[in-house]
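S.K.: Got a sequence here, can you model it:
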Amino acid sequence: MMKTLLVSLLLAVAMTLSAQDRSVSGGERSVLSVRASQYPRISADHRASFKVKAPHAKSVQIDLGKKYDMVRDENGEWTCTTEPLGPGFHYYFLVIDGVPVADPASESFYGCSMMTSGIEIPYPEGDTRFSLADVPHGEIRMKRYFSKTANAWRRMFVYTPPCYEKSSVSYPVLYLQHGGGEDERGWSQQGLTDIILDNLIARGEAVPMIIVMLDGNTKDFNSELFNDCIPFVEKTYRVKADKDSRALAGLSMGGIQTLNACITHPECFSYIGVFSSGWWVQSRHGMPAHETEKYYEKLKAHKDEFNKGFKQFWFSMGGKEDIAYQNCQAMLKRFDEIGIRYTYFETPGGHTWPVWRGSLYRFAPLLFK
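M.R.: As a prediction, the model looks like this:
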């Protein structure tokens with residue numbers, strides 16, 4: 001009797017799953033779709049299809065930077081399909097009657113200053129830079145620490161390379177900052193930091209290193225970094241505690257924090273990476289543009305020291321469509337006038353995670369050589 005009942009249940013589940021499969025459109029479900037959801041779906045030409053049940057809504061859209069109107073059927077289900085999307089991670093919102101919300105069918109991420117949805121568009125065949133591979137894997141750990149700057153408990157995420165647990169040696173460390181509207185989770189989740197480094201280290205293209213991802217949402221980033229985070233890291237992990245074994249990099253807001261920290265404390269870092277960022281040309285967020293002149297003046301007064309002290313002063317930009325493009329170009333023009341040496345890399349993609357993943361992929365192999 002029990003055996004017969006079990007077989008009947010299994011057949012019922014199989015029939016249900018089969019019916020679900022027949023009810024969905026073509027393509028493959030997104031790797032970021034939640035467990036039982038068949039949407040979002042991605043077609044062979046990288047169009048994304050969405051479905052949401054909202055029978056009482058008057059209007060529903062998908063917002064991927066460009067808004068797509070969804071169409072309602074008689075069951076109260078709304079659907080739409082986008083035009084082809086570029087490879088990599090993209091934030092998106094459901095906009096229901098004008099209110100942006102996360103899509104319950106997809107994994108959520110902290111970005112744009114709220115929990116929002118993400119979709120991952122496959123990279124071209126053969127592009128395995130950001131793919132999970134059969135190589136030794138490191139770990140990303142969440143560590144809590146007490147910040148005297150914030151007078152509160154805060155947390156960081158720390159990548160340790162595959163060899164960390166089996167060795168007793170100390171490693172160089174990269175402090176890696178997220179952008180505005182994000183937090184310390186950004187690089188480990190949206191950025192795929194561990195996958196990028198695992199693959200580079202396995203191929204011998206990057207040296208094993210520790211990567212520390214901090215929460216840049218603080219009233220005084222320099223104080224948080226130098227008085228709280230670096231001492232905690234150097235006490236907690238086996239890291240080399242000298243200038244040539246430290247790197248600092250960040251994207252967007254984190255890029256500005258990186259610039260401010262490295263110019264005021266050039267004795268602390270030998271490797272600097274700035275992704276999709278540059279000092280503001282015009283005043284913004286209460287910071288007068290003229291305040292950046294103090295950094296240019298310091299660069300001018302100590303040009304030779306900066307040129308000698310920074311083994312890498314590396315900038316990347318997501319093409320002219322990057323919202324930070326003009327700020328970066330104006331800043332680099334000032335660097336040229338002063339005589340500051342730097343390396344510049346540009347790739348299409350705008351102000352997006354695909355650009356920043358690619359930036360880390362290019363920057364990491366330059367470190368600690």
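S.K.: residue boundaries of the helices in the stretch 51-200 of the chain?
M.R.: 186-189, 193-202 (DSSP state H, counting those that start in this stretch).
S.K.: give me the number of residues near the closest residue to Lys243 other than its chain neighbours?
M.R.: Leaving aside its chain neighbours, Lys243 sits nearest to Ser270 (5.3 Å; criterion: CB to CB, 6 or more residues apart in numbering). For every residue, glycine as well, the C-beta is placed using N, CA and C. When neighbours are counted by other CB atoms under 10 Å, Ser270 registers 22.
S.K.: Repeat that for Tyr295.
M.R.: Burial of Tyr295 is recorded as 17 neighbouring residues (other CB under 10 Å).
S.K.: just Glu165 next, same as before
M.R.: Under the neighbour criterion other CB under 10 Å, Glu165 is assigned a count of 9.
S.K.: What does it show for phi and psi?
M.R.: With angles defined as degrees, to the nearest 10, Glu165 shows backbone torsions of phi -70, psi -30.
S.K.: Quick check: buried residues in stretch 119-138?
M.R.: When burial is assessed from 16 or more other CB atoms under 10 Å, stretch 119-138 yields the following buried residues: 119-121, 123, 129-130, 137-138.
S.K.: Who's the closest spatial neighbour of Gln326, skipping the chain neighbours?
M.R.: What sits nearest to Gln326 in space, not counting adjacent residues and going by CB to CB, 6+ apart, is Val281, at 6.6 Å.
S.K.: Can you tell me the number of residues neighbouring the one you found?
M.R.: Here the neighbour count serves as a burial measure; for Val281 (other CB under 10 Å) it reads 14.
S.K.: so it makes contact with Gln329?
M.R.: No: between Val281 and Gln329 there is no contact, the gap being 9.3 Å when judged by CB atoms under 8 Å.
S.K.: in a strand, that's where Ala247 is, yeah?
M.R.: Yes: assessed with DSSP: H, G, I helix; E, B strand; the rest coil, Ala247 lies in a strand.
S.K.: sorry, back to before: format the buried residues of stretch 119-138 as JSON lines; extra columns: pLDDT and distance to His178.
M.R.: Below are these laid out as JSON lines (pLDDT from 0 to 100; distance: CB to CB, whole Å):
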{"residue": "Ile119", "pLDDT": "97", "distance to His178": "19"}
{"residue": "Glu120", "pLDDT": "97", "distance to His178": "18"}
{"residue": "Ile121", "pLDDT": "97", "distance to His178": "21"}
{"residue": "Tyr123", "pLDDT": "96", "distance to His178": "22"}
{"residue": "Arg129", "pLDDT": "95", "distance to His178": "20"}
{"residue": "Phe130", "pLDDT": "97", "distance to His178": "17"}
{"residue": "His137", "pLDDT": "98", "distance to His178": "22"}
{"residue": "Gly138", "pLDDT": "98", "distance to His178": "19"}
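S.K.: would you turn those residues into TSV with distance to Val173?
M.R.: Formatted as TSV, the buried residues of stretch 119-138 follow (distance: CB to CB, whole Å):
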residue	distance to Val173
Ile119	32
Glu120	28
Ile121	32
Tyr123	29
Arg129	23
Phe130	22
His137	19
Gly138	13
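S.K.: about what we covered before: relative to Ile340, how far out is the residue nearest to Gln326?
M.R.: Separation of Val281 from Ile340 (CB to CB, to the nearest Å): 17 Å.
S.K.: likewise Asn260?
M.R.: Asn260 is 15 Å from Ile340, where distance means CB to CB.
S.K.: hmm, back to that, I'd like to know which of the helices of the stretch 51-200 of the chain is closest to Lys303.
M.R.: Taking CB to CB, helix 186-189 is the member of the helices of the stretch 51-200 of the chain nearest to Lys303, at 31.5 Å.
S.K.: For Ile263, which non-adjacent residue is closest in space?
M.R.: Counting by CB to CB, 6+ apart, Ile263 lies nearest to Tyr295, which is 4.8 Å off, once chain neighbours are set aside.
S.K.: so the one you found touches Asn260, yeah?
M.R.: Yes: the pair Tyr295 / Asn260 is scored as a contact, 7.0 Å apart, by CB under 8 Å.
S.K.: which residues are common contacts for these two?
M.R.: Where contact means CB atoms under 8 Å, 6 or more residues apart in numbering, no residue is in contact with each of Tyr295 and Asn260.
S.K.: Surely Thr236 touches Lys143?
M.R.: Yes: Thr236 is in contact with Lys143 according to CB under 8 Å; the separation is 6.8 Å.
S.K.: can you map out the helices along the stretch 201-350 of the chain?
M.R.: Taking DSSP H, counting those that start in this stretch as the criterion, the stretch 201-350 of the chain carries its helices at 221-223, 230-236, 253-264, 293-301, 303-309, 325-338.
S.K.: among the ones you listed, which is nearest His56?
M.R.: For the helices of the stretch 201-350 of the chain, distance to His56 was read as CB to CB. The smallest value, 38.1 Å, belongs to helix 253-264.
S.K.: Pull the residues that contact the closest one.
M.R.: Contacts of helix 253-264 with the rest of the structure, by CB under 8 Å, 6+ apart, involve 176-180, 216, 221-222, 225-226, 248-250, 268-269, 272-280, 295, 298-299, 306, 310, 324.
S.K.: Can you tell me which of these are buried?
M.R.: The neighbour-count test (16+ other CB under 10 Å) applied to the contacts of helix 253-264 identifies 176-179, 216, 221, 225-226, 248-250, 268-269, 272-280, 295, 299, 306, 310, 324 as buried.
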